[in-house]
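S.K.: pasting the structure only:
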């Protein structure tokens, strides 16, 4: 037995040695056969165009491209060191390549994903100046060989200078000078402070992931910013006391206003498309300057109708006469609308706000308590636990109380989550019973309610249909993405029974203490302000073609009190105006 183990170990060692020799030989053969191509004498970044679902009607493009070069001698050492600390801490001494980074890239490419970071500055320089943005193993190998030769034949300062003038920092800014102007209003790199330089080095790693406009990105940005500062401290660019002072918070941004392409409700469509593309590996310079052609799921006709339906309440009237929408719109009203195509998960229309440039808060994706809108899922859960559903009363509310009890509470959460309602954290989910309301957005609820007319099937909401390169080659399609396949939330017969009981949809108002009352209770020692007020008013309805959710809220944070008339009527009227159907009776 021992001899057998020794023999097997010997074979493994010999095989490993052969593989190693073969790999080394292949590297040197590839290295010898690879010539350094002519540089891209004119660094070009082609605008990515985003269209509606027809592939023809243009929604817009993402960025105005901004490039301004500056000599390396004019870039302070702390700015150079910030980028080196972020991207390649052994830049001055390495051979121009990172084998572990190449291995990670190979695995990512094999899995169909994009790898952000992991390449040396020289490799990134080669990709910009000599190659394309293509993500293939062949292109990666070319990058490896050319980077090795470049490192042996070109001065490191030349490489660094070109890199700093061409690398993408997000927001349409190519190069360090344009980045300083875009993020901080600083005209020249020589005027950048250490924290500002460290912040720019932070975002260039992945401008989509480290996007300050995304509130959820703040922890990741701060963590990466501290990583850059720690590298600068280890390089003795800054002292330990400076590190302690700078690490507390990122510097205050003074970002340039976005171009007019983001104006109005359309800006929310572009922003959603940009964020989703990032999850599929289309980010950074690949997205801004890759010349991509992105086809979204948004329907141009339905989108125009949705904007008009929301505006009818804002303007105090509409082309379709809807009693109750007449009169001046109360100030501070926030409206979100999301419309999903059942069975596909395609988001065909969305209104996140009046003007993206004025506020990036998307009320179609921001979550609020759904209140009684969860009751249909309780009914579906109850039916799934019943042998005979024939004795269910013909009323959503009555059925809810009859079907849900302490023995079936756990089923409700499961059914609602399977349909698309975000889960309630376990710590907030007391047993038995339903527990507190979950939080859901119009997109969440439109997705969840679509299951009632899609035989219980749910497809995650998405806005990207396909992506092609500048030559028309298909790079990505929703039809083949494994994460966008239908999931059976509950059996088809239960979906049909529940949908029939719910009818065209359901409206509700969620009450609570407004933010103004809560603040007053906190500040004063007087008698606490009581009396619940309407805080979110909903209507969610569906047909075989569309599932649409509308929410009305008030105040900058959506936590002020809604006027009673708005809460009672406007979500249903807006929904009816959008769908073109009759106004549902009752709530």
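M.R.: Looks like it came in fine. Keep in mind it's a predicted model, so treat the numbers as computed, not measured.

S.K.: C-alpha from now on. contacts and neighbour counts both.
M.R.: Will do.

S.K.: where along the protein do the strands fall?
M.R.: For the chain, strands defined by DSSP state E occupy the ranges 49-51, 58-61, 66-67, 173-174, 293-296, 333-341, 346-351, 457-458, 464-468, 474-477, 487-488, 505-512, 533-542, 547-554.

S.K.: Does anything pack onto the longest one? Which helices or strands?
M.R.: Okay, so that is strand 533-542. Other elements packing on strand 533-542 under the criterion 3 or more Cα pairs under 8 Å, 6 or more residues apart in numbering; DSSP states H and E are helix 442-450, strand 505-512, strand 547-554, helix 564-579.

S.K.: Residues in contact with that strand: which ones?
M.R.: Strand 533-542 is contacted by residues 368-370, 373, 445-446, 449-450, 453, 504-514, 547-554, 558-564, 567-568, 571-572, 575 when judged by Cα atoms under 8 Å, 6 or more residues apart in numbering.

S.K.: redo that, cut-off 7 Å
M.R.: 446, 450, 504-514, 547-553, 559-562, 567, 571-572, 575 (Cα atoms under 7 Å, 6 or more residues apart in numbering).

S.K.: same question for stretch 395-408, mean pLDDT?
M.R.: Computed over stretch 395-408, the mean pLDDT rounds to 56.

S.K.: One more: stretch 191-203?
M.R.: 97.

S.K.: now stretch 498-518
M.R.: Stretch 498-518 comes out at a mean pLDDT of 85.

S.K.: ditto for stretch 85-101
M.R.: 83.

S.K.: again, but for stretch 291-307
M.R.: 95.

S.K.: Likewise for stretch 523-531?
M.R.: Rounded mean pLDDT across stretch 523-531 is 65.

S.K.: Offset the numbering so it begins at 32, please.
M.R.: With 32 as the first residue, the last one maps to stretch 554-562.

S.K.: First-to-last residue distance for it?
M.R.: 18 Å (Cα to Cα, to the nearest Å).

S.K.: possible to save the helices and strands packed on strand 564-573 as CSV with distance to residue 302?
M.R.: Shown next, in CSV, are the helices and strands packed on strand 564-573 (distance: least, Cα to Cα, whole Å):
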stretch, distance to residue 302
helix 473-481, 15
strand 536-543, 29
strand 578-585, 20
helix 595-610, 23
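
S.K.: Name the stretch from the ones you listed where average model confidence is lowest.
M.R.: The minimum mean pLDDT among those belongs to strand 536-543 (a mean of 88).

S.K.: so what strands line up beside that one?
M.R.: The pairing partners recorded for strand 536-543 under DSSP bridges are strand 564-573 (antiparallel).

S.K.: Just want the angle from the strand it pairs with to strand 578-585.
M.R.: Between strand 564-573 and strand 578-585, the angle comes out at 170 degrees (axes from the mean of the first three to the mean of the last three Cα atoms, to 10 degrees).

S.K.: Taking helix 473-481 as reference, get the angle to strand 564-573.
M.R.: Using the same axes, to 10 degrees, the inter-axis angle of strand 564-573 relative to helix 473-481 is 50 degrees.

S.K.: tell me the angle strand 564-573 makes with helix 595-610.
M.R.: Going by the same axes, to 10 degrees, strand 564-573 makes 20 degrees with helix 595-610.

S.K.: Strand 564-573: which residues count as buried?
M.R.: 564-573 (16 or more other Cα atoms under 10 Å).

S.K.: Quick one: buried ones out of the contacts of strand 564-573?
M.R.: Buried, going by 16+ other Cα under 10 Å: 477, 481, 536-545, 578-584, 590-593, 598, 602-603, 606, out of these.

S.K.: follow-up on the earlier one: just send the buried residues of strand 564-573 back as CSV, with distance to residue 371 too.
M.R.: Listed next are the buried residues of strand 564-573 as CSV, based on distance: Cα to Cα, whole Å:
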residue, distance to residue 371
564, 30
565, 26
566, 25
567, 21
568, 20
569, 16
570, 14
571, 11
572, 11
573, 9
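
S.K.: So what's the residue count around residue 286?
M.R.: By other Cα atoms under 10 Å, the residues close to residue 286 number 15.

S.K.: same question, residue 404
M.R.: 22.

S.K.: again, but for the one 10 residues further on
M.R.: Residue neighbour count, defined by other Cα under 10 Å, stands at 22 for residue 414.

S.K.: Now do it, the pLDDT please.
M.R.: Reported pLDDT for residue 414: 72.

S.K.: Roughly how far does it sit from residue 405?
M.R.: Residue 414 is 15 Å from residue 405, by Cα to Cα.

S.K.: which residues of the stretch 232-381 of the chain score low on pLDDT?
M.R.: 289, 320, 344-360 (pLDDT under 70).

S.K.: Where do the helices of it begin and end?
M.R.: Remark: helices assigned in the stretch 232-381 of the chain by DSSP state H, counting those that start in this stretch are 249-265, 271-277, 297-310, 315-320, 331-346.

S.K.: Pick out the residue closest to the middle of the chain.
M.R.: residue 306 (3.5 Å; Cα atoms, centre = their mean).

S.K.: How about that residue: what's its closest non-neighbour residue?
M.R.: residue 239 (7.2 Å; Cα to Cα, 6 or more residues apart in numbering).

S.K.: And for residue 405?
M.R.: Leaving aside its chain neighbours, residue 405 sits nearest to residue 447 (7.3 Å; criterion: Cα to Cα, 6+ apart).

S.K.: The one you found contacts residue 408, correct?
M.R.: Yes: counting by Cα atoms under 7 Å, residue 408 is a contact partner of residue 447 at 5.5 Å.

S.K.: picking that back up, which of the helices of the stretch 232-381 of the chain is buried the deepest?
M.R.: helix 315-320 (a mean of 24; mean count of other Cα atoms under 10 Å).

S.K.: What is the neighbour count of the residue lying closest to residue 499 once chain neighbours are set aside?
M.R.: Closest residue to residue 499 in three dimensions, ignoring its sequence neighbours and counting by Cα to Cα, 6+ apart: residue 505, at 4.4 Å. Per other Cα under 10 Å, the neighbour tally for residue 505 reads 12.

S.K.: Alright, calling it a day.
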